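Visitor: What shape does this take:
(one chain, ligands or ions: 1)
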Amino acid sequence: MRLIALGVGDTFTEKHHTTALLLEHDGFRLGIDCPDRYRRVLADASARSGQSFKLPTIDHVLVTHVHGDHMNGVEGVAFWKRFAEGKRLELVCSPEVRGAIWDGRLVAPMGQLWDGQRFHSMHFGEYFVHTELGWDGATQVGPFSIRAYRTVHHVPTSALLVTAGGRTLGYSADTAFDPGLLAFFGQADLIVHETNHGPAHTPYAALAALGADLRARMRLVHYPDEHDLVASVIAPLAEGDVLEV
Ligand SMILES: [Zn+2]
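Guide: Coordinates of the predicted model:
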């Protein structure tokens with residue numbers, strides 16, 4: 001399983017794209033969260049890594065929660081799939097995100113289309129194929145077996161434990177510091193963890209105080225612009241990083 005860091009910043013960043021990952025295994029790609037200007041995000045990761053990450057090679061996107069820095073790109077990606085590729089976007093998300101993402105976020109810009117002569121009312125299923133990411137058991141998406149954990153955050157948010165090819169990746173999504181989440185990750189080969197300010201995010205100091213074995217398996221994302229990348233005792237991911245999990 002390969003992990004590509006597409007974005008590493010927080011919602012206020014002026015240095016980075018907002019946090020997003022791309023997973024790859026056996027030629028299958030799964031986007032994890034979807035920042036705005038997603039094709040530009042992919043182009044930047046392609047330029048930095050020397051590899052090609054084009055939108056037509058990514059049909060599946062998992063949205064961890066409905067905060068804009070994690071899903072503002074969904075509208076543009078779904079329009080691209082419809083108009084450029086004649087497809088629907090495969091959207092993987094919890095029942096709570098599915099319950100909010102159309103009526104609470106996307107219906108205003110996507111709920112009608114003009115065909116040159118008249119308006120057409122559009123509904124969720126004309127743009128998206130939904131795979132429910134349940135809270136119990138595993139959800140299979142291509143070669144990825146995904147378990148979800150409800151994090152401590154402002155809105156329902158899925159942390160992920162993804163297994164493919166005998167390797168396991170943990171991703172915190174957005175969360176307050178939560179020992180229960182670290183227990184959920186168990187002996188994951190790699191853990192991508194957020195850090196940021198405020199009661200619904202994880203302070204860097206809490207992660208820096210973890211044991212050396214856990215820190216060695218951990219990489220940081222969603223860090224504030226002022227995070228000291230050199231002094232960080234947990235390695236921060238950089239955009240365009242490609243890791244073999
Ligand atoms: Zn959030």
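
Visitor: Which positions in this structure make contact with the ion?
Guide: Neighbours of the ion within the chain, by Cβ under 5 Å from the ion: 67, 174. All C-beta spots, glycine's among them, are computed from the backbone N, C-alpha and C.

Visitor: now the helices for the chain?
Guide: Taking DSSP state H as the criterion, the chain carries its helices at 38-49, 68-71, 74-85, 95-100, 107-110, 124-127, 179-185, 204-208, 212-216.

Visitor: Counting by contacts, list what the third one packs against.
Guide: Where contact means 3 or more Cβ pairs under 8 Å, 6 or more residues apart in numbering; DSSP states H and E, helix 74-85 is packed against helix 38-49, strand 89-93, helix 107-110, helix 124-127.

Visitor: what does the fourth one give?
Guide: The contact analysis (3+ Cβ pairs under 8 Å, 6+ apart) places helix 95-100 against strand 128-132.

Visitor: which residues are contacting the strand it packs on?
Guide: Here strand 128-132 makes contact (Cβ atoms under 8 Å, 6 or more residues apart in numbering) with 60, 78, 88-95, 98, 124, 139, 141.

Visitor: about what we covered before: for H25, which of the helices of the chain is the nearest?
Guide: Closest approach to H25 among the helices of the chain (Cβ to Cβ): helix 38-49, 16.8 Å.

Visitor: quick one, what contacts the residue of the chain positioned farthest from its centre?
Guide: Relative to the C-alpha centroid of the chain, counting by Cα atoms, centre = their mean, Q117 is the outermost residue, at 37.9 Å. Shown in contact with Q117 (Cβ under 8 Å, 6+ apart): no residues.

Visitor: measure it to the ion for me?
Guide: Separation of Q117 from the ion (Cβ to the ion, to the nearest Å): 41 Å.

Visitor: Quickly note the distance from that residue to F79.
Guide: Using Cβ to Cβ, to the nearest Å, Q117 is found at 20 Å from F79.

Visitor: Could you do P56 as well?
Guide: Taking Cβ to Cβ, one finds P56 at 14 Å from F79.

Visitor: With S49 instead?
Guide: Counting by Cβ to Cβ, the gap from S49 to F79 is 26 Å.

Visitor: same check, this time on V245
Guide: From V245 to F79 the distance is 32 Å (Cβ to Cβ).

Visitor: Outside of stretch 142-149 itself, list whatever touches it.
Guide: Contacts of stretch 142-149 from elsewhere in the structure, counted by Cβ under 8 Å, 6+ apart, are 1, 23, 25-26, 28, 30, 60, 62, 92, 94, 133-135, 137-140, 158-165, 180-181, 184.

Visitor: Now list the buried members of the residues you listed.
Guide: 1, 23, 25, 28, 30, 60, 62, 92, 94, 133, 139, 158-164, 181, 184 (16 or more other Cβ atoms under 10 Å).

Visitor: From these, which land in strands?
Guide: Judged by DSSP state E, the buried ones among the contacts of stretch 142-149 include 23, 25, 28, 30, 60, 62, 92, 139, 158-164 as members of strands.
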